[in-house]
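**Q** okay, predicted coordinates and the sequence, questions at the end:
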Amino acid sequence: MINSKLLVTTLLVGTVLIGGCSVGSSESEHETMNHSNMAGMDHSNMSQEEMMNMENGHASHTNPLPLNDSTGENELPLPPLLQPNNGVVDIIAQQGKTEIFEGVETETYGYNGSFLGPVITVNEGETVTFRTNNKLSEPTTFHWHGVEIPGEGDGGPHHILKPGATEEVKFTVKQGASTLWFHPHPEGATAEQVYKGLAGLIYVEDDNSKNLAIPNEYGKNDFPLVFQDRQFTEDKQFDYQAVLNEDGTIGDTLLVNGTLNPKLTVGKEKVRLRLLNGSNARNYIFKLNTGDKFQQIATDGGFLNKPTIMSEISLTPGERAEIIVDFSKYEAKSNIALVNEEDTILLPFQLDEHRTNSIKIPESLNDYGITEEEKMLPVTKKLELFGMGTMVSINDKQFDMNRIDFTQKQGETEIWEIYNKPDMMGGMTHPFHIHGTQFKIVSIDGKEPPANLQGWKDTVSVEPDQTIKLAVKFNNKGIYMFHCHVLEHEENGMMGQVEVK
Ligand SMILES: [Cu+2]
């Protein structure tokens, strides 16, 4: 049933794409863009074919809708730090109004505030209670992305909090220093709630991270950067349903930490940037406009063994990376900025010459490794990602909350093989995420992963026709989701469940 529907859709999509979005034709991409992003467009008058045209028109393999350069007129705000108080962290999902554009109030969602959320800081070994409260007028869940947490506290679609409800999740932090995040995960509303502003960060610190000679002063030489693109209506509101794209909703306006046209003032020193791609669907390749290299020191779930020299870094939705940029060599008047693959200015830097440090990043940061035994393990779980739009699937199935797709034993490592099956148009990159664990990338198309992916991960970019092997171990029991982190794909059923017993 699904297969035949899939085929028909694939053919239709294929036709639409050949007509409207052929590779390298910037003019047709432009045209598609204008169609698909008319905010407030009334869908009810459209034929199904027109809908498909719209929905799939900018399902290109890259990002067809360019971002505007940041003018740098607003200093980047930092989310407040939120530490446990007597072991308890209170997190409230709420609605509010936020002045994103000067003099205009945009209706937004946020955690403990009107837009986005705090940085929750916890320590390895600490027992904490996340006390969550839903003050929205709709159901939500609280999902801790990258946190090794018992399944019952993971905040997947099973753990709905009705409006007004409060829930407590108590667990002991048993993972190393890392930059994690949290966001809602209710079935059918994840993408929209994230889009409206529900996202926050979690920093796990440990003895290693506290003792390493790396920048670690929050807001001084250690900055969180949450990248999200949005499409505003003419009256500067979010209208998710109007801009929704079944293959990933993207926008032309970049917000960093929820701020439009940001700039970041940094010292003439080594600075640590913790990057999160918190977008629904947009991929970013981050680089410096000077062409200078930087060091990557961490992946999603912890430090790399040693700093890795990079000239650019690619992050798909859900992925994080920590980098060190050495600003000491620049002059105060230098034009330095973080840019993307199209050289769009994402975040200009302003240098404060009075701030310096003489930190020398250590050669050794962590003791991550894949054992010979892990390399020899046979593949025991195979996953095939396929499809586009509303017809996305994993192993030909779409998500069913009442179906457990896999089981795995607690504490046992298994090799998951993820294959992204191309369609007739080539296919799309899918960021593949597993809840409740940090995994290791064993191989990409049979080869050792690049140095900057030899570290703990919870989300991995799988390109069309790529096969990635992961060593996956769950330290807790429960039911966990695995899914594509293009939030619209996840919403459309590109998700399954593994029960850890
Ligand atoms: Cu996907």
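**A** Perfect, thanks for sending it.

**Q** helix, strand or coil for the residue nearest to the spatial centre of the chain?
**A** The C-alpha lying nearest the average C-alpha coordinate of the chain belongs to Gly318 (C-alpha atoms, centre = their mean; 1.6 Å). Secondary structure for Gly318, judged by DSSP: H, G, I helix; E, B strand; the rest coil, is coil.

**Q** got the contact list for it?
**A** When contacts are counted by C-beta atoms under 8 Å, 6 or more residues apart in numbering, Gly318 touches 145, 277, 431, 433, 458-459, 485. From N, CA and C alone the C-beta is placed, and that goes for glycine too.

**Q** redo that, cut-off 10 Å
**A** 145-146, 181, 183, 276-279, 300, 431-433, 458-461, 483-487, 490 (C-beta atoms under 10 Å, 6 or more residues apart in numbering).

**Q** ok, the closest residue in space to Thr172 that isn't next to it in sequence to Gly436 distance?
**A** In space, and not counting its chain neighbours, Thr172 is closest to Thr127: 4.6 Å by C-beta to C-beta, 6 or more residues apart in numbering. Distance of Thr127 to Gly436, given as C-beta to C-beta, to the nearest Å: 18 Å.

**Q** next one: Thr166
**A** 22 Å.

**Q** same question, Ile404
**A** With C-beta to C-beta as the criterion, Ile404 and Gly436 are 14 Å apart.

**Q** which ones among the contacts of Gly318 are found in helices?
**A** Applying DSSP state H to those, the entries found in helices are 487, 490.

**Q** ok, and which of the contacts of Gly318 reach the ion?
**A** 484, 486 (C-beta under 5 Å from the ion).

**Q** among the contacts of Gly318, which are located in strands?
**A** Counting by DSSP state E, these place 145, 181, 183, 276-277, 431-433, 459-461, 483-484 in strands.

**Q** for those, give me TSV that also has pLDDT.
**A** Shown next, in TSV, are those (pLDDT from 0 to 100):
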residue	pLDDT
His145	98
Trp181	98
His183	98
Leu276	98
Asn277	98
Pro431	98
Phe432	98
His433	98
Thr459	98
Val460	98
Ser461	98
His483	98
Cys484	98
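
**Q** nearest spatial neighbour of the residue of the stretch 301-450 of the chain found nearest the ion, chain-adjacent residues omitted?
**A** Nearest residue of the stretch 301-450 of the chain to the ion (C-beta to the ion) works out as His430 at 3.5 Å. Here the nearest residue to His430 in space, its sequence neighbours aside, is Cys484; by C-beta to C-beta, 6+ apart that works out to 4.4 Å.

**Q** thinking the one you found is in contact with Ile434, fair?
**A** No - using C-beta atoms under 10 Å as the test, Cys484 is too far from Ile434 to be in contact (11.3 Å).

**Q** looking at these two now, which is surrounded by more residues?
**A** A count of neighbours by other C-beta atoms under 10 Å puts Cys484 above the other of Cys484 and Ile434, at 30 against 23.

**Q** residues in contact with Met310?
**A** 286-287, 293-296, 321, 323, 450-452.

**Q** can you find the helix or strand in this protein with the smallest mean pLDDT?
**A** Among the helices and strands of the chain, helix 26-36 carries the lowest confidence by mean pLDDT, DSSP states H and E, at a mean of 34.

**Q** how is this protein divided into domains?
**A** What automatic domain parsing lists as the domains of the chain is 2-57, 372-500.

**Q** the stretch 251-400 of the chain: helices as residue ranges?
**A** 372-376 (DSSP state H, counting those that start in this stretch).

**Q** residues in contact with the residue nearest to His430?
**A** Cys484 neighbours (C-beta under 10 Å, 6+ apart): 248, 281, 316-318, 385, 392, 394, 420, 428-433, 459, 462, 490-495.
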